[in-house]
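>>> Let me see the structure of the following:
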Amino acid sequence: MVSTAFEDADESTNPVPCAGGLDSEPSSGSTSPDNAGPTTLSRMAYLGKGYSMQGFSQRVTNMLLQSWRSHTHSAYNSAWKKWCCWCVRRQADPLSASLADILEFLTDNFELGLQYRTLNTLRSAISMTHARLDNCTVGTHPMVTRLLKGMFNARPPVPRYSHSWEVMPIIDFLRGSSDQLSLLQLSKKVVTLMALCNADRCSDLAALDRHYMRWTSSSVQFSVVQLTKTRRSGPPRTVSFALLQDDNDICPVTNLCRYIEMTSPQVDTMSSPKPVFVTSKKPFRRERSATIGHWIKDTLKAAEVDTERFTVHSTRGASTSCAMAKGVPIAEILKVANWSSSSTFERFYH
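Numbering: from 1, shown residues only. Here you go, the predicted model:
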């Protein structure tokens, strides 16, 4: 396995001036500074202002704003900026635009080729911030929902992949002793094996913590106390990785144990929490999910998977589809992948 350096770009959610949004065509005529004003505030700033106008204290407002997680906020803030840019060109108020303007905005973006799920994100971002229309939120207004149904019928969503890559060539590529691997090479091997074994997201792997790790004679188990994409209320999710006693080269537990031994000096210098995957340079900290994704992508590419076509997220579909083909019961697949129903697996991953 060949090491590769990466530069992780931070995903900024700070508001920026309008630069054309989705529609890159220049607006007709000049735009006055007053009309450009709405794009200088983020969606969260508008929400906070709205909560304050309803008489909520700053403490309550801050807690209400915490209800959106960082990735949701990032997606919705991007959609909100697109909406504001469109409103600037149309000289409309993004907080109280007409129903006709909202329908025109969604239709414009449909005609630009945006996928149905992206149009739904645009609708949700507007709905959470915009004034009610006809005593309905924007997202539930009958004309908005009818428009989205028309878009669904006109351009039904298609699967991202028509087929998946084979898992076993990846496993064969990862065979071989880990004793002579560098830390980076071992990192790539461990996260790929763990992603394939449990259909975990990169963010799930980044959330694992050594404080909540328990070794047994046949597995290693984690209580995932960090917020993850699918965690809601209730106790933390428990994930388990089984020991493959007859094949240490590709055993996720054996290779994880080796990784923990190599990184213990770095982790010992850290205060709580003590993540499983850590940076290799000072100051030592939890490794980002984006970097873990780079590690997996590097491994897939080295094993001759077409990473231009298949994303890192494709490991979830490839591994669970392979398990289904090998005769693993669907109930076990749903449990390991943390899916509540088989329809999720059939619609998006199988």
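
>>> wouldn't residue 119 be in contact with residue 148 here?
Yes. Contact criterion Cβ atoms under 8 Å: residue 119 and residue 148 qualify, at 6.7 Å. Quick note: C-beta positions are derived from backbone N, CA and C, even for glycine.

>>> out of those two, which sits in the more crowded spot?
residue 119 (20 against 17; other Cβ atoms under 10 Å).

>>> would you say the more buried one is within a helix?
Yes. Counting by DSSP: H, G, I helix; E, B strand; the rest coil, residue 119 is found in a helix.

>>> Low-confidence regions, the stretch 1-150 of the chain specifically.
1-41, 70-71 (pLDDT under 70).

>>> coming back round to it: hey, what's in contact with both of residue 119 and residue 148?
residue 106 (Cβ atoms under 8 Å, 6 or more residues apart in numbering).

>>> Please compute how far stretch 201-210 lies from its chain's middle.
Relative to its parent chain, stretch 201-210 has a centroid offset of 13 Å by Cα atoms, centre = their mean, to the nearest Å.

>>> all strands for this protein, in order.
213-215, 219-224, 237-242 (DSSP state E).

>>> among those, which is the most enclosed?
strand 219-224 (a mean of 18; mean count of other Cβ atoms under 10 Å).

>>> which secondary structure elements does it contact?
Helices and strands touching strand 219-224, by 3 or more Cβ pairs under 8 Å, 6 or more residues apart in numbering; DSSP states H and E, are strand 213-215, strand 237-242, helix 252-268.

>>> Worst mean pLDDT among the ones you listed?
The weakest mean pLDDT among the helices and strands packed on strand 219-224 belongs to strand 237-242, with a mean of 83.

>>> strand partners of it, parallel vs antiparallel please.
strand 219-224 (antiparallel) (DSSP bridges).

>>> returning to that earlier point: quick one, which of the helices and strands packed on strand 219-224 is nearest to residue 164?
Residue 164 sits nearest to helix 252-268 of all the helices and strands packed on strand 219-224, at 20.5 Å, using Cβ to Cβ.

>>> shaky segments in the stretch 151-300 of the chain?
In the stretch 151-300 of the chain, residues with pLDDT under 70: 161, 225-235.

>>> ok, which stretches of the stretch 101-250 of the chain are helices?
116-129, 142-154, 168-174, 183-198, 202-206 (DSSP state H, counting those that start in this stretch).

>>> For the longest one, give me every contacting residue.
What that stands for is helix 183-198. Counting by Cβ under 8 Å, 6+ apart, 1, 3, 167, 170-171, 174, 178, 181, 200, 202, 204-205, 239-242, 250-252, 255-256, 258-259, 262-263, 277, 280, 292, 295-296, 298-300, 315-316, 318-319, 336-337 sit against helix 183-198.
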